[in-house]
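Trainee: here is my input, please return the structure:
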Amino acid sequence: MSKVISIEEVSENEAAMDREAPAALSAGLILLLAGAAGLIVANVYYPQPLAGPISVALGLSPQSAGLVVTMTQIGYALGLLLLVPLGDLLENRRLILSATALATVALVVAALSHRAATFLAATFVIGLGSVAVQILVPLAAHLAPPAQRGRAVGEVMSGLMLGIMLARPAASIITYASTWHAVFWISAALMIALCVVLRLALPRRRPTIRLSYLALLRSMASLALRTPVLQRRALYHAALFGAFSLFWTTAPLQLAQVFHLSQAGIALFALAGVAGAVSAPIAGRLADRGWTRPATGLAMIAVAAAFLLGRLGLGVGPLHTKTLGVLALTATAILLDFGVTANLVLGQRAIFMLGDETRSRLNGLYMATFFAGGAACSALGGWAFAEGGWSLTMWVGLALPLLAVSFYLTERAGAGDRRTTPLD
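Mentor: Residues are numbered from 1 along each chain as shown. Okay, the predicted model is just below:
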């Protein structure tokens, strides 16, 4: 039966459970965790720019081409709810290695595929196994002392965001130089090497709770209903990540149709968003200093401002206006990614401070909620672009951070400093 405990009791429990943690994460281990996060999460995003050539090669109809991306996302979403919570139950290093090995096998199958059904099944499993990254992030939070937890999470998340932003241009460039099969072969080789390194370098972390798997999953409903910090942070980021997904779904269409950029040009444009990853460690440090609430407000304002700036990317008028439009879209991508990455880290740091025993379940719920928001807004962005072009798309995008701001204004100062949540 769940009980409700105060933040002081959570802090005492956390201190007791962290006695075996190192006094501080070494720079080398943080770098390894960040690099591993980027390499693993990239598997989810490689298919996005390759939907066209893969669907043609496998004989998929134009209407079914989106399945190349969707099956990976479905697998990842299910993994967030079904595999990530196991981080609260099973030894973490073994769990990370097992999930990564599963993704590796699926990558090899995808690389060998010449039939649509086989490839789509493989991409589903790739997404499922790639949730290893969301077991790595809570592990970093566990290994870091509380005073440095935000910094550690921020630095690992900067690696994750770099993986997301670099995956698309990397897949495009590799496919241009070789074939789309090579993307999956190269990633499989990287995953094999990564498993060896993680096996040697990752410390063990065995959770103390004793639950059955079904009881673990049932407890997530209680956590979702009775953890206000999780609810608020998940809804904040569902809106902001939705804006992020809407932009990155439609920006390539605008660049191709209005500015006539080639696939290589769009790949170079995608690199602009990488600059936003620098906000992750900054946000982590601000959170460690107790500035989570003002930093959250600034992140939301940055995302809203990005869409106002994106209005300049209409691409109408003489050449100098079109040049200005491309520059405006580049600035929009940087500012948008900066705000979204910062808010992601602030949210994860807030929920990771709620207790060691529930950290993986809370992370799974947090990620699944905003991932659903991103999927819904990707579809919304496609509709807005088809119905009203770039102008309507930017107005819809602007509405999302404004919704987050309206909810943020209901948050009392100091909310989250004292809270209650059920622990098993």
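
Trainee: which SSE is immediately downstream of the helix or strand in which residue 351 is found?
Mentor: Here residue 351 sits within helix 319-352, counting by DSSP states H and E. Using DSSP H and E, the helix or strand that follows helix 319-352 in sequence is helix 359-408.

Trainee: quick one: distance of that next one to the chain centre.
Mentor: Distance, stretch centre to chain centre, for helix 359-408: 13 Å (CA atoms, centre = their mean, to the nearest Å).

Trainee: again, but for stretch 108-125
Mentor: 23 Å.

Trainee: state the mean pLDDT of it.
Mentor: Taken as a whole, stretch 108-125 has an average pLDDT of 95.

Trainee: on that earlier part again, would you mark the buried spots in the helix holding residue 351?
Mentor: Within helix 319-352, the residues that qualify as buried by neighbour count (16 or more other CB atoms under 10 Å) are 322, 324-326, 328-352. (Each C-beta comes from the backbone N, C-alpha and C, glycine too.)

Trainee: quick check: angle from it to helix 359-408?
Mentor: Angle, helix 319-352 to helix 359-408, by axes from the mean of the first three to the mean of the last three CA atoms, to 10 degrees: 130 degrees.

Trainee: show me what helix 319-352 is packed up against.
Mentor: Other helices and strands packing on helix 319-352, by 3 or more CB pairs under 8 Å, 6 or more residues apart in numbering; DSSP states H and E, are helix 133-143, helix 149-177, helix 228-257, helix 263-270, helix 279-288, helix 292-310, helix 359-408.

Trainee: just the angle between the longest one and helix 133-143, please?
Mentor: Orientation of helix 359-408 against helix 133-143 (the same axes, to 10 degrees) gives an angle of 90 degrees.

Trainee: can you point out the buried residues in the helix or strand containing residue 218?
Mentor: Following DSSP H and E, one finds residue 218 within helix 213-226. Neighbour counts over helix 213-226 (16+ other CB under 10 Å) mark 216-217, 219-220, 222-224 as buried.

Trainee: including pLDDT and distance to residue 290, could those residues go into JSON lines?
Mentor: Formatted as JSON lines, the buried residues of helix 213-226 follow (pLDDT from 0 to 100; distance: CB to CB, whole Å):
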{"residue": "216", "pLDDT": "89", "distance to residue 290": "32"}
{"residue": "217", "pLDDT": "88", "distance to residue 290": "34"}
{"residue": "219", "pLDDT": "90", "distance to residue 290": "30"}
{"residue": "220", "pLDDT": "89", "distance to residue 290": "29"}
{"residue": "222", "pLDDT": "89", "distance to residue 290": "29"}
{"residue": "223", "pLDDT": "91", "distance to residue 290": "25"}
{"residue": "224", "pLDDT": "91", "distance to residue 290": "26"}
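
Trainee: farthest pair in the residues you listed?
Mentor: Spatial extent of the buried residues of helix 213-226 (CB to CB) is set by the pair 216 and 224 at 13.5 Å.

Trainee: pLDDT weak spots in the stretch 151-300 of the chain?
Mentor: For the stretch 151-300 of the chain, the stretches with pLDDT under 70 are 263.

Trainee: residues near residue 61, how many?
Mentor: Neighbourhood size, residue 61 [other CB atoms under 10 Å]: 9.

Trainee: ditto for residue 145
Mentor: 14.

Trainee: pop out the phi and psi values for it.
Mentor: Per-residue torsions, residue 145: phi -70, psi 150 (degrees, to the nearest 10).

Trainee: do you know the pLDDT at it?
Mentor: Looking at residue 145, its pLDDT stands at 83.

Trainee: just to revisit the earlier point, the helix holding residue 218: how far from the chain's middle?
Mentor: Here the centre of helix 213-226 is set off from its chain's centre by 22 Å, with CA atoms, centre = their mean.

Trainee: just to revisit the earlier point, how far off helix 149-177 does the helix holding residue 351 point, in degrees?
Mentor: Angle of helix 319-352 versus helix 149-177, following the same axes, to 10 degrees, is 140 degrees.

Trainee: how far does helix 319-352 sit from its chain's centre?
Mentor: Helix 319-352 has its C-alpha centroid displaced from the chain centroid by 14 Å (CA atoms, centre = their mean).

Trainee: and for stretch 259-266?
Mentor: For stretch 259-266, the distance to the chain centre is 26 Å (CA atoms, centre = their mean).

Trainee: and if you look at stretch 48-68?
Mentor: Distance, centroid of stretch 48-68 to centroid of chain: 24 Å (CA atoms, centre = their mean).

Trainee: cool, and stretch 229-238?
Mentor: On CA atoms, centre = their mean, the centre of stretch 229-238 falls 14 Å from the chain's centre.

Trainee: can you tell me what sits against that stretch?
Mentor: Residues from elsewhere that reach stretch 229-238 (CB atoms under 8 Å, 6 or more residues apart in numbering): 223-224, 296, 300, 340, 343-344, 346-347, 350-351, 354, 362, 365-366, 369-370, 372-374, 404, 407-408, 411, 415-416, 419, 421.

Trainee: can we see that at 7 Å?
Mentor: Residues from elsewhere that reach stretch 229-238 (CB atoms under 7 Å, 6 or more residues apart in numbering): 223-224, 296, 343-344, 347, 350-351, 354, 362, 365-366, 369-370, 373, 404, 407-408, 411, 416, 419.

Trainee: just stretch 377-386 next, same as before
Mentor: Residues outside stretch 377-386 that contact it (CB under 7 Å, 6+ apart): 242-243, 245-246, 249-250, 253, 392-393, 396, 400.
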